[in-house]
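Colleague: generate a structure from the sequence data that follows.
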Amino acid sequence: MKQYKIKKETELYPPVKKWFENAGFTVHAEVKNCDLTAIKNSELIIAEFKRGLTIELLLQGVSRQKSAEKVYIVIQKPSVKYRKLQDILYILKKLDLGLLLVDFEDAENAVVEEILAPGLSFRVNKKSRTRRMIFKESTLRATDGNCGGCSQKKLLTLYRERSVFIACCLEKFGELSPEDLRKLGSSKRKTGTILSKNYYGWFTRIKRGRYCLSDEGKKALAIFGDTADFFRNKLKDIDKKPI
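Modeller: I've put the predicted structure just below:
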């Protein structure tokens, strides 16, 4: 039977995400340029994807060891066995990198196999700024609106996710103040800044302290549709504007 060949690295993300979630991890894609982050308690694991094994993938894996205790590299399972698999595993062991192979039955079904468990990284700095930022992004995001391995699509960062929530509130209730938005669940510290700086052009200031959704904001809700639908569902039982 001819093996299904993936066309993009993003196809690796859904089965690997499920594999980590089945082990009890909270998983997010594209956090601070990491293809996948998996967190359980205080443990951070990072996984980097490529369709096949490359030097670039090894370098990415080693670089991530500065932020995470364990790092996996992830590729599609080759259609033929690597002749030098033992040599490759020897190198990965020396680098303390783990290896996951994803075997696709077809475009919708895949099996993840752990070929090599990663060693504990001696490079990790648990107090590093990058590590703290990864934990912050991963724990504060309400949704997983990205797909690991994506390099061209606009990514849903924590800041952008918070902006989408504000846009959903304005879409439903119309003109609101920062305090109104905080009562609806927007960030207590960041709401005012997001509105005043209006980095994406999603909001229109009607008068001092009052905002509505701009045309660009309406377009953004279509672009980030899954995340917008998540927040719309969260807001659906709220019938009136905050008082």
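Colleague: can you map out the strands along this protein?
Modeller: 26-31, 34-40, 43-49, 70-76, 98-104, 110-116, 203-207, 210-213 (DSSP state E).
Colleague: same question for the helix of greatest length in the chain, mean pLDDT?
Modeller: If you go by DSSP state H, the chain has its longest helix at helix 158-173. Regarding helix 158-173, the rounded mean pLDDT is 96.
Colleague: can I get it in CSV? Just the C-alpha atoms.
Modeller: Output of helix 158-173 as CSV, limited to C-alpha atoms (Å, rounded to 0.1, in the frame of the first residue of the first chain):
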residue,chain,number,x,y,z
LEU,A,158,-1.7,36.0,23.4
TYR,A,159,-2.0,39.8,22.6
ARG,A,160,-3.9,39.0,19.4
GLU,A,161,-6.2,36.5,21.2
ARG,A,162,-7.1,39.2,23.8
SER,A,163,-7.8,41.6,21.0
VAL,A,164,-10.1,39.1,19.4
PHE,A,165,-12.0,38.8,22.6
ILE,A,166,-12.5,42.5,22.8
ALA,A,167,-13.6,42.6,19.2
CYS,A,168,-16.2,39.9,20.0
CYS,A,169,-17.5,41.9,22.9
LEU,A,170,-17.9,45.0,20.7
GLU,A,171,-19.5,43.0,18.0
LYS,A,172,-22.2,41.8,20.4
PHE,A,173,-22.8,44.8,22.6
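Colleague: which residues are contacting it?
Modeller: With Cβ atoms under 8 Å, 6 or more residues apart in numbering as the test, helix 158-173 has contacts from 136-137, 140-143, 145, 154, 156, 176, 180-181, 184-187, 190-191, 194-195, 199-200, 202-203, 211-213, 217-218, 220-221, 224, 227-228, 231-232, 235, 238, 241. For the C-beta atoms, the positions are set from N, CA and C on the backbone; glycine is no exception.
Colleague: so how many other residues sit close to residue 205?
Modeller: Residue 205 has 13 neighbouring residues, counting by other Cβ atoms under 10 Å.
Colleague: tell me the contacts of the residue nearest to it when sequence neighbours are not counted?
Modeller: With Cβ to Cβ, 6 or more residues apart in numbering as the criterion, residue 205 has its nearest non-adjacent residue at 5.7 Å, and that residue is residue 211. Neighbouring residues of residue 211 by Cβ under 8 Å, 6+ apart: 170, 175-178, 195, 203-205.
Colleague: output those in TSV; the columns should cover distance to residue 6.
Modeller: TSV is the format used below for these (distance: Cβ to Cβ, whole Å):
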residue	distance to residue 6
170	39
175	47
176	44
177	48
178	45
195	41
203	39
204	43
205	46
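Colleague: whichever of the residues you listed end up buried, select them in PyMOL.
Modeller: In PyMOL syntax, the buried subset of the contacts of residue 211 is picked out as below (16 or more other Cβ atoms under 10 Å):
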select buried, resi 170+176+177+178+195+203+204
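Colleague: looking at this protein, which residue reaches furthest from the middle?
Modeller: residue 207 (35.7 Å; Cα atoms, centre = their mean).
Colleague: quick check on residue 118: phi, psi?
Modeller: phi -70, psi 150 (degrees, to the nearest 10).
Colleague: could you check how far the nearest residue to residue 224 once chain neighbours are set aside is from residue 33?
Modeller: Closest residue in space to residue 224, ignoring its immediate chain neighbours: residue 164 at 5.3 Å, by Cβ to Cβ, 6+ apart. Using Cβ to Cβ, to the nearest Å, residue 164 is found at 21 Å from residue 33.
Colleague: what of residue 4?
Modeller: Residue 4 sits 28 Å away from residue 33, taking Cβ to Cβ as the criterion.
Colleague: list the contacts for residue 133?
Modeller: Residue 133 makes contact with residue 32, according to Cβ under 8 Å, 6+ apart.
Colleague: ok, how many other residues are close to the residue nearest to residue 224?
Modeller: Applying other Cβ under 10 Å, we find 26 residues neighbouring residue 164.
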